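S.K.: Output the structure for:
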Amino acid sequence: MTKIQLVTNTVINQGVLPLYYNADETVTLEILRSLYKAGIRAVEYTNRGDAALSNFTKMVEIRNAEMPEMLLGIGTIKNVQQAEEYYTVGADFFISPGFVAEVAEFLISKDLLYSPGCMTPTEIIKAENSGVTFIKLFPGNALGTGFMSAIKDVFPNLKFMPTGGVDTTKESIESWFKAGVSAVGMGSKLVSKELMLAKDYATIENETKKVLEIIQTLK
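M.R.: Below you'll find the predicted structure:
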């Protein structure tokens, strides 16, 4: 099995991709442990702060020591330099807010999953023609489930995952799966700023378990 297929299968099997960033290394690592205990085996850390690269490097170290099955992805990759930096420290997959052709070429040649954010059929076609197989619908709240329903038959060979606007409720999750997505991305609705600030890792773990249970009932 290729690395791209492994990541794809893992994300689809769990049905949700949690994503978060925290400037504090300890908080970052404790959230990772909470997600792992909840049953998560693929997570996205977003490249949105000065501490992101050093924190991610530590996440890889802790993953290797404590949770070898966990796949660590990096989000908000906007250029090849960023992709190279995170490739060097061991990222398993890469996600962008938009499609970057040079990043696709760099990563796909290394059998690494690249999931770019797209919000038009033109962008999706460009991504597909570059070898991308897993599309991030972003921003999901602006596009809505109707967009997914309308385009899914046009792109039968692609997997889709909305990020932004997906709530932790069964109604929200079910509406996206019925529209045709393979997984949902969840950031602040799952790992909220309030929970991070309170260092309430138990609630993060429990809320994640609830989401995983909801998704299992929908499959």
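S.K.: Just the terminal-to-terminal distance for stretch 183-201.
M.R.: 23 Å (C-alpha to C-alpha, to the nearest Å).
S.K.: er, stretch 17-27 I mean
M.R.: Terminal residues of stretch 17-27 lie 19 Å apart, using C-alpha to C-alpha.
S.K.: Would you map the helices across the chain?
M.R.: Listed in chain order, the helices found in the chain under DSSP state H are 3-14, 25-38, 52-66, 80-89, 101-108, 121-129, 140-151, 170-179, 193-198, 201-218.
S.K.: could you dump those helices to JSON lines with mean pLDDT?
M.R.: What follows is these, written out as JSON lines (pLDDT from 0 to 100):
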{"stretch": "helix 3-14", "mean pLDDT": "98"}
{"stretch": "helix 25-38", "mean pLDDT": "98"}
{"stretch": "helix 52-66", "mean pLDDT": "98"}
{"stretch": "helix 80-89", "mean pLDDT": "98"}
{"stretch": "helix 101-108", "mean pLDDT": "98"}
{"stretch": "helix 121-129", "mean pLDDT": "98"}
{"stretch": "helix 140-151", "mean pLDDT": "96"}
{"stretch": "helix 170-179", "mean pLDDT": "97"}
{"stretch": "helix 193-198", "mean pLDDT": "97"}
{"stretch": "helix 201-218", "mean pLDDT": "97"}
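S.K.: can you redo the ones you listed as a markdown table with distance to Gly73 and mean neighbour count?
M.R.: Every C-beta, even on glycine, is put in place using the N, C-alpha and C of the backbone. Compiled in a markdown table, the helices of the chain are given as follows (distance: least, C-beta to C-beta, whole Å; neighbours: other C-beta atoms under 10 Å):
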| stretch | distance to Gly73 | mean neighbour count |
| --- | --- | --- |
| helix 3-14 | 7 | 18 |
| helix 25-38 | 12 | 19 |
| helix 52-66 | 10 | 17 |
| helix 80-89 | 9 | 17 |
| helix 101-108 | 11 | 18 |
| helix 121-129 | 17 | 16 |
| helix 140-151 | 17 | 17 |
| helix 170-179 | 19 | 17 |
| helix 193-198 | 19 | 13 |
| helix 201-218 | 16 | 17 |
